[in-house]
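*Asks:* predicted structure and sequence below. I'll ask about it afterward.
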Amino acid sequence: MSRAAPPAAEPTPQRYASALRRYFAATRPAFLSVTLAGCLIGLAAAHADGVALDGLRAVVTVLFALLAHAGANVLNDYHDAVTGADAANSERIYPFTGGSRFIQNGVLTLRETAAFGYALFALVIPPGLWLALGAGAGLIAIGLAGLVLGWAYSAPPLKLASRGVGEFAVAACWLLVVVGADFVQRGAFAWTPVAAGVSFALLVANLLYINQFPDCAADAAAGKRTLVVRLGADTAKWGYFAIALVAYGWLVLQIGRNNLPQACAAAALTLVLSLNAARLLREHAAEPGALAPAIRLTIAATNLHGLVLAATLAFGARG
């Protein structure tokens, strides 16, 4: 039986005949922006505390983090293909949920995808070690923790997403991005990147969380028991609001304690986007096809929050 033609927006072997273009697109580059934003927050945190930034090390840090995120994306595709979760996902909202579709649509094989994902992780090691030579051994611990979480999110035996703790793993990963970018410049651990990074990391976790709603039925059928699968859509829809509330509450608390400049309050304005997304999710949690606007609002809230936070942290003086 011939393979059914994929929807027009999805990747096909003909569209990605060039190997370079094919492998680049398989990393889902449009979604790497949250890692860039996380790095900018970390660099801004170091600058806010009076650390003179090293431009070369900052650029290498960003590339290092983007490679790690790309590798995690590719490995997630591989493991969701192995379990059958992506193949069974008829309610996906491409390109947001249901994976990259590179394996399901015959653009890459399972073996090629796995090899590529682990190759990306391997490429992270040389720049990471070079950065650690200047920053200190603490960066090795940060980088190793990030790689392990990125791998364990999807891969057995841990399969953190399948155990309903994927959101915690994702929040931890993006907090590590912020702390790591700061550590490269500072050479030590500090509170400022944590104070700045938690709200952003929680919004990244909320992006993962809302994406689980269209994937819920396929994940359940494949035995991938995400938090949304475990709670059920009707109960889980309130989780989005709870995560957003904690994220913005944390930001306000840190500003109130003078751990962040007063100007960082501008990042709280993205609450409007998050609340609109929460409203749409509350109304359409059981209608996957109607969630695209809520997902777009969540993407906008996350990226804008990170960029505004980085800018105000870099240029806003503490009161």
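*Replies:* Yep, that arrived.
*Asks:* please make it C-alpha for all contacts and neighbour counts, starting now.
*Replies:* Fine.
*Asks:* distance check, the residue positioned nearest the centre of the chain against Val82.
*Replies:* Note on the chain: the residue nearest the mean C-alpha position is Val204, at 5.4 Å, using C-alpha atoms, centre = their mean. Distance, Val204 to Val82, by C-alpha to C-alpha, to the nearest Å: 25 Å.
*Asks:* repeat for Ala119
*Replies:* Counting by C-alpha to C-alpha - Ala119 and Val82 are separated by 19 Å.
*Asks:* how about the secondary structure of the spatially closest residue to Pro13 that is not a sequence neighbour?
*Replies:* Closest residue to Pro13 apart from its sequence neighbours, by C-alpha to C-alpha, 6 or more residues apart in numbering: Val107 at 4.7 Å. Judged by DSSP: H, G, I helix; E, B strand; the rest coil, the three-state class of Val107 is coil.
*Asks:* correct me, but Val107 touches Thr12?
*Replies:* Yes - between Val107 and Thr12 a contact is recorded at 5.8 Å, counting by C-alpha atoms under 8 Å.
*Asks:* just checking, what packs against the helix or strand harbouring Ala115?
*Replies:* Here Ala115 sits within helix 110-135, counting by DSSP states H and E. With contacts defined as 3 or more C-alpha pairs under 8 Å, 6 or more residues apart in numbering; DSSP states H and E, helix 110-135 has these neighbours: helix 55-83, helix 138-152, helix 166-186.
*Asks:* what angle separates that helix from helix 166-186?
*Replies:* Angle of helix 110-135 versus helix 166-186, following axes from the mean of the first three to the mean of the last three C-alpha atoms, to 10 degrees, is 40 degrees.
*Asks:* which pLDDT value goes with Ala9?
*Replies:* Looking at Ala9, its pLDDT stands at 86.
*Asks:* number of residues surrounding it?
*Replies:* Using other C-alpha atoms under 10 Å, Ala9 has 8 neighbouring residues.
*Asks:* list phi and psi for it.
*Replies:* phi -80, psi -20 (degrees, to the nearest 10).
*Asks:* excluding sequence neighbours, find me the nearest residue to it.
*Replies:* Distances taken as C-alpha to C-alpha, 6+ apart place Tyr94 nearest to Ala9, at 7.6 Å, with adjacent residues excluded.
*Asks:* ok, the one you found - how many residues close by?
*Replies:* Tyr94, neighbours per other C-alpha under 10 Å, totals 14.
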